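# Need a 3D model of the sequence below.
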Amino acid sequence: MTTGRHSAAVLDPSLDDYELAAALVREAGQLALLMRMAGLESEQKTSVSDVVTAADHAAEAYVLEQLRRCRPEDGILGEEGASVQGTSGRTWVIDPVDGTYNFLHGSTYWCSAIALKDHGDVLLGAVFQPEENKLWLGGRDRAATLNGEALTSFSDDGGRRNATNVSELGAATYIHPTWLMDPMCAMPWHAAATSAASLRMLGSGSCDLGRVAEGQLGCWFQHSCPEWDWLPGKAIVRAAGGAVDTVRVNGLEWFIAGGTTAVRELRAALQSGSVG
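Below is the predicted model of the structure:
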């Protein structure tokens, strides 16, 4: 598959699932980045949103093509519409560009992400942030790594991070301004947000979750996440020794990650915003 100067790799089916996931996000991320660079430089009459749509679709089409060849019995679900029913009970969940607004506006804070789930439970996740050259990887059978180095923030200092209160941590989150006008969403969000020491709203859930696993961000919460925004990072945080949870408040599903204590406290804060 060739786009401009970039020819994405044909992957070897003998790669194990972790190796395959890492190769897929690395190739998809590089493809999207190079398409953005070429589009912004040479397609001046095309809107930026058209450029990113082309990059989104091309990156997802690449992952789809490789998975159908390397894992023909597995299902596939992609943000941009890829949908393949498998026979194995396993499904690959793809987000070719997570952080679209950032991607459009030249920020480096976006990534390609993928997860593999088996009968509903996530087995592994991989997240690649091309412009920072960060590749987080981890899952049920493999401890979390960043560029091949073990992530130990949850085990350092005798596991102190899992005992740290949310009031001592920076929390990453995201909420669209229109949701702040809905008290059913705004009240639990406000309760959780004001329980943290500080807030960060950076625009890519998978990049955020990689940094929670790494220790750069203390914890994370967000509502109404589709599987491709949650499962890759969920697998990595869990594989790093952190905690993950979901809770339904006022009809909305909230997703939480971080240390054990912080996740428990964020859950309680969200529930305190329940109406009725």
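
# Please give me every residue in contact with the closest residue to Asn133 other than its chain neighbours.
Distances taken as CB to CB, 6 or more residues apart in numbering put Asn147 closest to Asn133, at 7.3 Å, once the chain neighbours are dropped. The C-beta positions use only the backbone N, C-alpha and C, and glycine is treated the same way. Asn147 sits next to 133-135 when contact means CB atoms under 8 Å, 6 or more residues apart in numbering.

# Check what pLDDT Asn147 gets.
The model reports Asn147 with a pLDDT of 98.

# now it: how far from Ala235?
Distance, Asn147 to Ala235, using CB to CB, to the nearest Å: 17 Å.

# Report how many residues lie close to Ala239.
23 (other CB atoms under 10 Å).

# Thr152 is in contact with that one, correct?
No. Ala239 is beyond contact range of Thr152, at 11.9 Å (criterion: CB atoms under 8 Å).

# Looking at strand pairing, list the partners for Ile114.
Following DSSP bridges, Ile114 is listed with bridge partners Ile94, Ala126.

# can I assume it is in contact with Val93?
Yes. Taking contacts as CB under 8 Å, Ile114 lies within contact range of Val93: 6.8 Å.

# So between these two, which is more surrounded?
Taking neighbours as other CB under 10 Å, Ile114 and Val93 compare with Ile114 leading, 29 against 24.

# And the pLDDT at that one?
As predicted, Ile114 sits at a pLDDT of 98.

# ok, now Ala32?
94.

# Equivalent analysis for Asp141, please.
95.

# give me the low-pLDDT residue ranges for the stretch 1-150 of the chain?
For the stretch 1-150 of the chain, the stretches with pLDDT under 70 are 1-6, 39-53.

# pLDDT averaged over stretch 228-246 - what is it?
On average, stretch 228-246 scores 98.

# if we can go back for a sec, where does the residue nearest to Asn133 fall, phi/psi-wise?
Note on Asn147: its backbone torsions stand at phi 50, psi 40 [degrees, to the nearest 10].

# Over to Ala143?
phi -60, psi 150.
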